[in-house]
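1. Give me a 3D structure for the following:
(2 chains)
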Amino acid sequence: MTASLHDDDLARLSDFVAERMGLHFPYERWPELRYSLDAARCEFGFDDAGDCVRWIMSAELSPEQIDVLASNLTIGETYFFRQKDLFERLETTILPTLIAARGEKEQRLRIWSAACCTGEEAFSIAILLKRLIPDLSHWNVTIRASDINSRFLKKAQAGEYREWSFRNAPDWLKEGYFQITSPGHYAVLPEIRNMVTFFPLNLVDDSYPSLLNDTNAMDLILCRNVLMYFAQDQAERVVRKLALALADGGWLGVSPCETYCVTAPDLIHVGYSGGTLFRKSHADPPKREPSLPISFFESTTTPVPETRERGGGHPFGIQENEYERMASKLANQGDLEEALAWCDQALAASPLDAVCHYLRASILSEQGDMSEAVRSFHRSLAIAPDFVLAHFAMGNAGRQQHNRQNAHRHYVNALTLLEHFGPDDPVPYSEGLTAGRLKAMIKTLLEMESLS
Amino acid sequence: MDTENVIDDSSFNALMDLGGKEFVIQMVDAFLKYAPKVIGEARKGLSTGDLEPALRMGHSLHSSARTIGVVRMKTLGDRIEKAARERLVSELPSLVDEMEQVFIQAKSCLEEKKAGL
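-> Here you go, the predicted model:
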C-alpha cells in the first residue's frame, strides 16, 4: 500500500533516517526505502504509506518507535567467518600477537563487534579465541556485540542458526562448536555463547566509548558492512569515535568497500591482501600526580542535585570530582590499574562518593574482578539508592554472571527510577544518554534475557 | 539504651561487611546530619501548604534508613511519601512529628552503635 508515497515523502523520510539513525538512503536506494517503509507502516498501524511518513515527520517518536523503524530499515545479512581473508589475518597474525603480548601479564582481551547483526561475527571471533587460547578459562576475555536493531539482537542472543549462516564457513565449524537442535538448525554451544554479551547501541546517536556500556579500551573493533549505509560525514564521525574506543595499538576492521570512511588521523592502515585493517597509533600515557591537594579536590566537588527525580536528595548524595574525571579518562584509555589508583585516592578523601564507587566498580568489572565490582556497585547504591546508572550496571553484572533474577531486579529498578524523567532528559553521569534511550535499551535487554 | 527494636542489626552488619568501619561511620554521620535537615524542611513546607519537601523527605529517609537499618524511620518514610503523593494533608503533620520522635531515639542508638565499632 505505497501508492500514495511521493518522491517528496521519500526525500523527507530519507533526511529523517539519516539524521536520527545515520542511515543513508540516496535516490538510487529509494526503492529499498519504499519497501522497508511498507513493512514499518504495517507495524505502526497505518493503511497508507504517505500518512505513515507524515506521522513519522510530525510525531516525537519514542525510542521504541525509532527501534521499529530501524528494525525495518537495516539489513540483516551475514554469515560465519564472512570475509575469509580478514579472519585468516586475525587468526594467523593479529590475535596471536595480542595473545602473546597479554599472556605475559594481565591476560586480558577486549573485542567489540560494533554492528553485529545476528551475531555471526561475534561468535566467529569467540570461536577463534577458543581455538587460539588453550587456557582460556584463566583469561579475562570480553566480547561485546552491539546493533541498533533489537530483533537482530534477540536472534543473536538465542544463538540459533540455519544452514545459510554457514555458507563459506570452514568445515570444522559446525561439528566443533554447534549442536543440532532440529534438522537444519544449529545452536552455538553454551561455552561459546557465554563468551559474547549483546547489547543495543545506535552508532550515530549513542555515547561511546564509555564505561557505561563497556565500550572503552578495545583491542579489536570490527565494524563492517554498516558504514556504507551512513552518509560520508556520519561514517567518518562514527570511525573517529570508534578510534577513541580503541586502546593504543588496538585494531579496527572495516569491510573493503568502507575504507574511504576511515579518515581518523590516529588510525594507520596496515596493508595486507584484502587490506581492511587499521591500527591505532601509540600515544604517551598520561601521568598521575599523586600529590594533588585535598583542597583542590574539595573545591571541584559539584553540589548534590536538589531534586529527587535527578537521583539526588539523599543524605549521602552523588558527587563528582577531578580524581574521578582522571580515573574515567585513564579507564577509557585502558590503563585500569592507574585508573583504580585514582579512584582509591578519591575514595580515601571522600568515602561517600557514590559516583566514584560506581566508577571503581566499572573498572573492576572490566578487570574481571566481578565479586569486588559487585561490592562496589552495592556501596554506590547504599549511598545513593536512586542512582539509575548503578542499577543499570548491576543489571548488566547480573547478566554477565548469568544471574537472571538479579539482572531483572536491577533493570526493573532502573526502569522505575526512569519514570521520573522525561524521554529527552539526560541520565545523570551518563555522558549524554537520554532517559528514553536508556529505557529502550533496558527493555531490549529484558526481552533478550527472556529469550535466552 | 536497648537498640534492639530501633536498629535492625542485620542491615547494620551488612553495611559493615560491605564498606568497613570507616564507611559505616561516615554513613551514620551523614544520616544524622541529613535527617533533621529534611524533617525541618518538610515541616516548613507543610506550614505553607507545600507537600513536595515532605514527599522528598519521606522518599529519601525511607531508603537511607533502610540502608542503615533504622526500621521505624524506613516505614514512616514510606507512609509519609505515600501520604504526600495522595495529598493527605491532614495526616502529614502528625507523621512528620512521629518521624522526628523516632529520629531522636534512633540518633542515640546509632551513636551508641558507632561508639561500639
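2. make it CA atoms for all contacts and neighbour counts henceforth
-> Will do.
3. if I read this right, A:R409 contacts A:G395, doesn't it?
-> Yes - between A:R409 and A:G395 there is a contact under C-alpha atoms under 8 Å: 7.3 Å.
4. residues in contact with A:R404?
-> By C-alpha atoms under 8 Å, 6 or more residues apart in numbering or on different chains, the contact list for A:R404 reads A:398, A:449.
5. Roughly how far does the residue of chain B most remote from its centre sit from B:M99?
-> Within chain B, the residue lying farthest from the chain centre (C-alpha atoms, centre = their mean) is B:T48, at 22.8 Å. From B:T48 across to B:M99, the span is 19 Å (C-alpha to C-alpha, to the nearest Å).
6. how close does the residue farthest from the centre of chain B sit to B:E91?
-> Taking C-alpha to C-alpha, one finds B:T48 at 15 Å from B:E91.
7. same thing with A:L222?
-> A:L222 is 61 Å from B:E91, where distance means C-alpha to C-alpha.
8. Quick check: closest non-adjacent residue to A:N396.
-> In space, and not counting its chain neighbours, A:N396 is closest to A:A407: 6.4 Å by C-alpha to C-alpha, 6 or more residues apart in numbering or on different chains.
9. Which strand or helix spans the one you found?
-> helix A:404-418 (DSSP states H and E).
10. Could I get the buried residue list for that helix?
-> For helix A:404-418, the neighbour count (16 or more other C-alpha atoms under 10 Å in any protein chain shown) marks A:404, A:406-415, A:417-418 as buried.
11. Dump those to TSV, plus pLDDT.
-> Listed next are those as TSV, based on pLDDT from 0 to 100:
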residue	pLDDT
A:R404	88
A:N406	91
A:A407	93
A:H408	93
A:R409	94
A:H410	95
A:Y411	95
A:V412	94
A:N413	94
A:A414	95
A:L415	94
A:L417	93
A:L418	94
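12. if we take these, which one ends up nearest to chain B?
-> A:L417 (12.2 Å; C-alpha to the nearest C-alpha).
13. Quick check: residues of chain B near chain A?
-> Residues of chain B lying close to chain A (C-alpha under 8 Å from any C-alpha of the partner chain) are B:18-19, B:23, B:26-27, B:30-31, B:33-35, B:56, B:60-61, B:63-64, B:67.
14. Which members of the residues you listed are classed as buried?
-> Among those, those buried by neighbour count (16+ other C-alpha under 10 Å) are B:18-19, B:23, B:26-27, B:30-31, B:34-35, B:56, B:60-61, B:63-64, B:67.
15. quick one: the helices in the stretch 101-250 of chain A?
-> Here the stretch 101-250 of chain A has its helices, by DSSP state H, counting those that start in this stretch, at A:120-132, A:150-158, A:172-177, A:190-193, A:232-245.
16. Where does the prediction get shaky in the chain?
-> With no chain named, the answer covers chain A. Applying pLDDT under 70 to chain A picks out residues A:1-4, A:76, A:272-275, A:282-321, A:451-452.
17. Let me rephrase: I mean chain B.
-> Across chain B, the ranges flagged by pLDDT under 70 are B:1-4.
18. Counting by contacts, list what the lengthiest helix in it packs against.
-> What stands out as the longest helix in chain B, according to DSSP state H, is helix B:9-47. On a contact count with 3 or more C-alpha pairs under 8 Å, 6 or more residues apart in numbering or on different chains; DSSP states H and E, helix B:9-47 meets helix A:370-383, helix B:52-68, helix B:92-115.
19. distance between it and the chain's centre?
-> Offset of helix B:9-47 from its chain centre (C-alpha atoms, centre = their mean, to the nearest Å): 7 Å.
20. Report the angle between that helix and helix B:92-115.
-> 140 degrees (axes from the mean of the first three to the mean of the last three C-alpha atoms, to 10 degrees).
21. Report the angle between helix B:9-47 and helix B:52-68.
-> Using the same axes, to 10 degrees: helix B:9-47 against helix B:52-68 is 170 degrees.
22. Buried residues, helix B:9-47. List them.
-> B:9, B:11-12, B:15-16, B:18-19, B:23-32, B:34-36, B:38-43, B:46.
23. Out of the helices and strands packed on helix B:9-47, which gets nearest to A:L128?
-> helix A:370-383 (24.6 Å; C-alpha to C-alpha).
24. ok, residues contacting the closest one?
-> The contact list for helix A:370-383, computed with C-alpha under 8 Å, 6+ apart, reads A:314-317, A:352-358, A:360-365, A:387, A:390-391, A:393-394, A:397, B:18-19, B:27, B:64, B:67.
25. closest point of the stretch 51-200 of chain A to chain B, which residue?
-> Relative to chain B, the nearest point of the stretch 51-200 of chain A is A:N140 (24.9 Å; C-alpha to the nearest C-alpha).
26. what sits against that residue?
-> A:107-109, A:367-368.
27. ok, now A:R409?
-> Residues near A:R409 by C-alpha under 8 Å, 6+ apart: A:G395.
28. how much space is there between it and A:N213?
-> Counting by C-alpha to C-alpha, the gap from A:R409 to A:N213 is 19 Å.
29. can you check A:A407 too?
-> According to C-alpha to C-alpha, A:A407 stands 15 Å off from A:N213.
30. Dump the helices and strands packed on helix B:9-47 to a markdown table, plus distance to A:L37.
-> Output for the helices and strands packed on helix B:9-47, formatted as a markdown table (distance: least, C-alpha to C-alpha, whole Å):
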| stretch | distance to A:L37 |
| --- | --- |
| helix A:370-383 | 43 |
| helix B:52-68 | 46 |
| helix B:92-115 | 54 |
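31. Just say which of those is most tucked in.
-> helix B:52-68 (a mean of 25; mean count of other C-alpha atoms under 10 Å in any protein chain shown).
32. Counting by contacts, list what it packs against.
-> Counting by 3+ C-alpha pairs under 8 Å, 6+ apart, helix B:52-68 packs on helix A:370-383, helix B:9-47, helix B:71-85.
33. how far is that helix from where the chain is centred?
-> Helix B:52-68 has its C-alpha centroid displaced from the chain centroid by 6 Å (C-alpha atoms, centre = their mean).
34. quick one: it to helix A:370-383, angle?
-> Interaxial angle of helix B:52-68 relative to helix A:370-383 (the same axes, to 10 degrees): 140 degrees.
35. returning to that earlier point: more crowded one of A:L222 and B:E91?
-> Neighbours were counted for A:L222 and for B:E91 using other C-alpha atoms under 10 Å in any protein chain shown; A:L222 has more, 22 against 13.
36. list the contacts for that one?
-> By C-alpha under 8 Å, 6+ apart, the neighbours of A:L222 are A:112-115, A:252-254.
37. Kindly report the same for A:K130.
-> For A:K130, the contacting residues are A:136, A:192, by C-alpha under 8 Å, 6+ apart.
38. Please identify the buried residues of whichever strand or helix holds A:M441?
-> Applying DSSP H and E as the criterion places A:M441 in helix A:435-451. Buried residues in helix A:435-451, counted by 16+ other C-alpha under 10 Å: A:435-446, A:448-449.
39. With stretch A:261-274 instead?
-> Buried residues in stretch A:261-274, counted by 16+ other C-alpha under 10 Å: A:261-262, A:264, A:266-269.
40. Over to stretch A:325-340?
-> When neighbours are counted by 16+ other C-alpha under 10 Å, the buried residues of stretch A:325-340 are found to be A:325-336, A:338-340.
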